[in-house]
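>>> Quick one, fold the following:
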Amino acid sequence: ISIYDDAINKGTHTLNPWQMEQAYQFGARRYTAKNPYRLALVAANGSGKDKYVIAPFTLWFILTRLDATCIVTSSSAQQLDTQTERYIKRLSFAINAAHGEEILRVVKRHIYCTKTHSEIILFATDEPGKAEGYHPVTPDAELAIVANEAKSIPDGIFESLLRCSGYSFWLEVS
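The predicted structure follows:
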């Protein structure tokens, strides 16, 4: 994020120590389906969870893994569209601009990495059956699950997400 976010790059904004520590933890070692990274992040409203944790994590995940899938859900479509997806899209466009090519193809609620064939799928639902069925696309691929505004997501959605096997990252943010 320090490379692609102008405010951080120019020093007009600095990440909080907890945000830097969290980014470090994501990449500290290689997590697997047998030993996944599990996070329950609780932080104040307006503290930068979407912009400085979720967006960089999801893009880092698909940029550094082949055929990976990152599922992102939230408590409402409005939250997903106006917060979570907004920051993922902005960072995607900054990455594309910095490299002078479309590395990340951005379509409504879907970001596809043209280099790694990995993707971010964003969805909001109140129907548990629509939150299940996500698994790595190949035996060597990885899956990450991100639940934003987790405190407001119904238990039935979490029960369905738990049936998504093979995840190496499970993030609950609220």
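>>> Wait, residue 61 touches residue 146, no?
No: using Cβ atoms under 8 Å, residue 61 makes no contact with residue 146, being 9.1 Å away. Where C-beta positions appear, they are placed from N, C-alpha and C, glycine not excepted.
>>> any shared contact partners between the two?
Jointly contacting residue 61 and residue 146 under the rule Cβ atoms under 8 Å, 6 or more residues apart in numbering are 70, 169.
>>> mind checking the longest helix of the chain?
helix 85-99 (DSSP state H).
>>> Which elements pack onto that one?
The contact analysis (3 or more Cβ pairs under 8 Å, 6 or more residues apart in numbering; DSSP states H and E) places helix 85-99 against helix 55-63, strand 104-107, strand 110-113, strand 119-123.
>>> Out of those, indicate the one that is most buried.
helix 55-63 (a mean of 23; mean count of other Cβ atoms under 10 Å).
>>> That one vs helix 85-99, what angle?
Interaxial angle of helix 55-63 relative to helix 85-99 (axes from the mean of the first three to the mean of the last three Cα atoms, to 10 degrees): 60 degrees.
>>> Just list the residues touching the spatially most central residue of the chain, thanks.
By Cα atoms, centre = their mean, the mean C-alpha position of the chain lies nearest to residue 58, the distance being 3.0 Å. Residues in contact with residue 58, defined by Cβ under 8 Å, 6+ apart, are 70, 72, 88, 111, 120, 144, 146.
>>> So which bits of the one helix or strand the last one maps to are buried?
It refers to residue 146. In the assignment (DSSP states H and E), residue 146 maps to strand 143-148. For strand 143-148, the buried set under the neighbour-count rule, 16 or more other Cβ atoms under 10 Å, comprises 143, 144, 145, 146, 147, 148.
>>> and after that strand, which helix or strand comes next?
Toward the C-terminal end, the helix or strand that comes next after strand 143-148 (DSSP H and E) is helix 155-161.
>>> can you tell me how far the residue nearest to residue 25 when sequence neighbours are not counted sits from residue 8?
Using Cβ to Cβ, 6 or more residues apart in numbering and skipping residues adjacent in sequence, the residue nearest residue 25 is residue 37, 7.4 Å away. Remark: distance between residue 37 and residue 8 (Cβ to Cβ, to the nearest Å) = 24 Å.
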